[in-house]
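Q: using only what follows, build the 3D model:
(one chain, ligands or ions: 3)
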Amino acid sequence: MGRRYRAGRGFAIVPAMRQRARDGGAAGRTGPGHDHDLCIADALEAAARVCAARGQRLTPIRRRVLELVWQSHSPIGAYEIMRRLGQGRPAAPPTVYRALDFLVAQHLVHRINSRNAFIGCAYPERQHDACFLLCENCGSADELSDAALLRALAEVADSHGFAVTQQTVELRGRCRQCRDGSRA
Ligand SMILES: [Zn+2]
Ligand SMILES: [Zn+2]
Ligand SMILES: [Zn+2]
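A: Ligands and ions are numbered 1, 2, ... in the order given. Below you'll find the predicted structure:
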């Protein structure tokens, strides 16, 4: 992991967060044993930077919800966020939904429709449509940064006279670790 995978003509799959030298090892970026605290720290740092650049406020509650979304590389449901935020007693839904709406609008978080859940964006610095590889075994979700793929879909839609307003591609299957058997 941490390198570019090429599968066919001009189709580059870039592992979600940027590669870090500290990552190293066979486990890879999101593999078992990676230092997830670094992922969370990077995500919060990037969010602060992005919000400042856009003149948006990353309030404490928004930051805390983002931190909870980033607890793992698997999508998390709104109710689970409420539960963790309230430390046992669920936090008020409107508070959490407003924070999530903000984070989604700022492309810091993506909504995974098929799971009715949310996941931190691996590419928060630029506005983009998202494509996810969703593992049915371990629940992980890897975001692909593939402008060519998403552009191709938009062009196909356009050729049908269809104007796309929102596009999230979700591919389901088994991730590399689960196929290797390194994740049970
Ligand atoms: Zn991580
Ligand atoms: Zn994204
Ligand atoms: Zn998996």
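Q: got the residues of this structure near ligand 2?
A: 121, 123, 130 (Cβ under 5 Å from the ion). Glycine gets a C-beta too; all of them are placed from N, C-alpha and C.
Q: who in the chain is up against ligand 3?
A: So the chain meets ligand 3 at 135, 137, 138, 175, 178 (Cβ under 5 Å from the ion).
Q: now, of these, which are buried?
A: 135, 175, 178 (16 or more other Cβ atoms under 10 Å).
Q: just to revisit the earlier point, just the residues of the chain next to ligand 3: which are in strands?
A: Members of those lying in strands (criterion: DSSP state E): residue 135.
Q: of the residues of the chain next to ligand 3, which belong to helices?
A: Mapping the residues of the chain next to ligand 3 onto helices (DSSP state H) picks out residue 178.
Q: kindly present the residues of the chain next to ligand 3 as TSV, with separate columns for distance to ligand 1.
A: Rendered in TSV, the data for the residues of the chain next to ligand 3 read as follows (distance: Cβ to the ion, whole Å):
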residue	distance to ligand 1
135	14
137	18
138	13
175	14
178	16
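Q: save the residues of the chain next to ligand 3 as TSV, and put in pLDDT too.
A: Below are the residues of the chain next to ligand 3 laid out as TSV (pLDDT from 0 to 100):
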residue	pLDDT
135	95
137	94
138	92
175	93
178	94
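Q: so where's the protein shaky on pLDDT?
A: Within the chain, the stretches with pLDDT under 70 are 1-31, 88, 183-184.
Q: and the residue of it closest to ligand 2?
A: residue 121 (3.3 Å; Cβ to the ion).
Q: for that residue, list the residues it contacts.
A: Contacts for residue 121 (Cβ atoms under 8 Å, 6 or more residues apart in numbering) come out as 107, 108, 109, 110, 130, 143.
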